[in-house]
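Peer 1: Pasting a predicted model and its sequence here:
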Amino acid sequence: MSCDRSLLVAALAGIGMLALAGGFGARAAPAGSVYVATISGAINPAVSDYLSSAIAEAERDGAHALVLELDTPGGLLSSTKDMVSEILNARIPVIVFVSPRGAWAGSAGTFITLAGHIAAMAPGTTIGAAHPVSMLPGGTPPGVPPAEPGSEDDEEQAGNGAAAPPAVRDPSADKIENAAAAFISAIAEERDRNVEWAVDAVRNSVAITQSEALEKHVIDLVAEDLDHLLELIHGRLVKVGRDEVELVTEGANLVHLEMGFVNRIFDVISDPNILLLLIFAGMLGLYVEFNNPGMIFPGVAGLLAMVLAGLGLQVIPFNWIGLLLILIGVALMVAEVFVSSFGVLFASGIAALAAGGYLVFDVPELEFVEVRFLEVVLPAVGVLALFGGFVVFSLSRSLFAAQVAGAEGLVGETGVVDRAIDSGTSPAGKLDGRVLLRGELWTAESDRAISKGSRVRIVSIRDLVLRVAPVSETSEEQI
């Protein structure tokens, strides 16, 4: 067995040396299939891992090429960089196809499309708007120069007697913009595409249709569908590394690669709206379990939701201020149970939850992945408010209700005199005797003599001695 393994290793080494000796000229792709990966949605680490696995599998199985069907509004810049790197370093041709009709290669999708060995778009699709940072409040977007002196804006403001406000620029935003512009410029230059337009898409957020993209040499072709795409690229030469590879795609066998189960989970929880619901559901489940130990299901469901939320927070960036506001909101709602603030603490907690839910994913890197406030945040906070209000109301009633357990719970109860309260005098100068109450015999005292068998009502209790009065007397006092 060891001898056979040594021969196999030697054979593989010999094949590798022959391949190197053959030079880096044009070669035809080996017979095989065309693999297809589909990305529809925001770009995140789960999607990046999916593409990496798809390229690795296609390379391992000796596929002609990998077609990436793309429809995305954008996503994380870090994940975009990883995906572009995977495409640029792939050992097989990667064809990026913006489809189906109506699809958009926005923001991060622009980088990915330009990185493909062949970039194609379907009719009715768009590409561009790749600016990485949103507009600053009170200023102009980074990268957009302020109005020059003598412009129409200046003349209008001068006519109103007002000086033009200085443009507000954020150095960190400029840094990100310049890095993104250089990154997309390098990609376009590597693929021999329109560098000037690519930079303009980053700095000025320009977007164009598929026909304009073809005219400006941003993409290589427009195809009606996947089959039409394979017909159009058949026989083309593309540069893969230092080699030129001839594409053999017409009539090729298509192998569609599905996203794995784990990546599907991460892809779902990478949506800030889903992640926010997981956070609220987890808090609600754990709160129910803590208030009602032994129910099990709410605790297990809440813990699972919090675990998934924790994983999601490791995948996408978040705002610490928003997360802190959510925790403060929960603390204020719980405090209302123990501190009578007439609803002020509870209302403040609800407001903190709503503000935290809105701000927790308000970060520049999630520019195209926003939390839907009216559709998600308000309903989730409303459910928590209704449930929390019910719990606070119930606990408040129990705190102010009359005590029914312990010695204090005996006050107002009715008992029967077991030994007449006239046999002696207590240290306090009261007549004492014995009363049967709840099946127990208690020492009792009263201001007047009470015969055995009489019914008495407990007025107060002190040092385990009951102070009683005849039932008829207490009834009259109550009337």
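Peer 2: The structure has been received and is ready for your questions.
Peer 1: Where does Ile127 fall, secondary structure wise?
Peer 2: Take DSSP states H and E as the rule and Ile127 turns out to sit in strand 126-128.
Peer 1: Which strands or helices does that strand pack on?
Peer 2: strand 104-106, helix 108-115, strand 207-209, helix 210-215 (3 or more CB pairs under 8 Å, 6 or more residues apart in numbering; DSSP states H and E). Glycine gets a C-beta too; all of them are placed from N, C-alpha and C.
Peer 1: The last one: what's the following helix or strand?
Peer 2: Elements were assigned by DSSP H and E; along the chain past helix 210-215, the next helix or strand is strand 221-222.
Peer 1: sorry, back to before: let me have the helices and strands packed on strand 126-128 in a markdown table, adding mean neighbour count, distance to Arg193 and mean pLDDT as columns.
Peer 2: Below are the helices and strands packed on strand 126-128 laid out as a markdown table (neighbours: other CB atoms under 10 Å; distance: least, CB to CB, whole Å; pLDDT from 0 to 100):
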| stretch | mean neighbour count | distance to Arg193 | mean pLDDT |
| --- | --- | --- | --- |
| strand 104-106 | 25 | 13 | 92 |
| helix 108-115 | 28 | 6 | 95 |
| strand 207-209 | 17 | 13 | 95 |
| helix 210-215 | 18 | 10 | 96 |
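Peer 1: First-to-last residue distance for stretch 102-117?
Peer 2: Stretch 102-117 has an end-to-end distance of 23 Å (CA to CA, to the nearest Å).
Peer 1: now the helices and strands packed on strand 126-128 in CSV, with distance to Gly299?
Peer 2: What follows is those, written out as CSV (distance: least, CB to CB, whole Å):
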stretch, distance to Gly299
strand 104-106, 42
helix 108-115, 39
strand 207-209, 49
helix 210-215, 53
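Peer 1: Can you check which of these gets nearest to Arg448?
Peer 2: helix 108-115 (90.9 Å; CB to CB).
Peer 1: one step back: show me the strands paired with the strand holding Ile127, marking each as parallel or antiparallel.
Peer 2: Strand pairing for strand 126-128, determined by DSSP bridges: strand 104-106 (parallel), strand 207-209 (antiparallel).
Peer 1: Let me know the pLDDT of Asn204.
Peer 2: Asn204 carries a pLDDT value of 91.
Peer 1: how many neighbours does it have?
Peer 2: 14 (other CB atoms under 10 Å).
Peer 1: Got the phi and psi for it?
Peer 2: Main-chain torsions, Asn204, degrees, to the nearest 10: phi -120, psi 10.
Peer 1: So it versus Pro132, what's the distance?
Peer 2: As judged by CB to CB, to the nearest Å, Asn204 and Pro132 stand 12 Å apart.
Peer 1: ditto for Leu324
Peer 2: Using CB to CB, Leu324 is found at 26 Å from Pro132.
Peer 1: The two: which has the busier surroundings?
Peer 2: Pro132 (25 against 14).
Peer 1: which residues of the stretch 201-350 of the chain fall in strands?
Peer 2: Taking DSSP state E, counting those that start in this stretch to define them, one finds strands in the stretch 201-350 of the chain at 207-209, 221-222, 237-240, 243-246, 253-257.
Peer 1: Redo those as a markdown table? Include distance to Val315.
Peer 2: Below are these laid out as a markdown table (distance: least, CB to CB, whole Å):
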| stretch | distance to Val315 |
| --- | --- |
| strand 207-209 | 28 |
| strand 221-222 | 35 |
| strand 237-240 | 31 |
| strand 243-246 | 35 |
| strand 253-257 | 21 |
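Peer 1: out of the ones you listed, nearest to Leu275?
Peer 2: Of those, nearest to Leu275 by CB to CB is strand 253-257, at 26.0 Å.
Peer 1: What strands line up against that closest one, and which way round?
Peer 2: Each strand that pairs with strand 253-257, with its direction, by DSSP bridges: strand 33-40 (parallel).
Peer 1: Can you pull out the low-pLDDT segments for the protein?
Peer 2: 1-32, 133-173, 291-292, 337, 340-341, 363-375, 388-389, 391-409, 423-431, 473-479 (pLDDT under 70).
Peer 1: Outline the domain layout of it.
Peer 2: 23-145+173-259, 271-400, 407-478 (automatic domain parsing).
Peer 1: The strand or helix carrying Asp49 versus strand 253-257: what angle between them?
Peer 2: Remark: Asp49 resides in helix 45-60, with elements defined by DSSP H and E. Going by axes from the mean of the first three to the mean of the last three CA atoms, to 10 degrees, helix 45-60 is angled at 150 degrees with respect to strand 253-257.
Peer 1: Contact partners for the closest residue to Ser454 other than its chain neighbours?
Peer 2: With CB to CB, 6 or more residues apart in numbering as the criterion, Ser454 has its nearest non-adjacent residue at 4.9 Å, and that residue is Val417. Listed by CB atoms under 8 Å, 6 or more residues apart in numbering, the contact set of Val417 reads 433-436, 444, 450-456, 468.
Peer 1: how much space between Val417 and Gly453?
Peer 2: In terms of CB to CB, Val417 sits 6 Å off from Gly453.
Peer 1: again with Val96
Peer 2: 99 Å.
Peer 1: and stretch 192-207, how far apart are its ends?
Peer 2: With CA to CA as the measure, what separates the two termini of stretch 192-207 is 19 Å.
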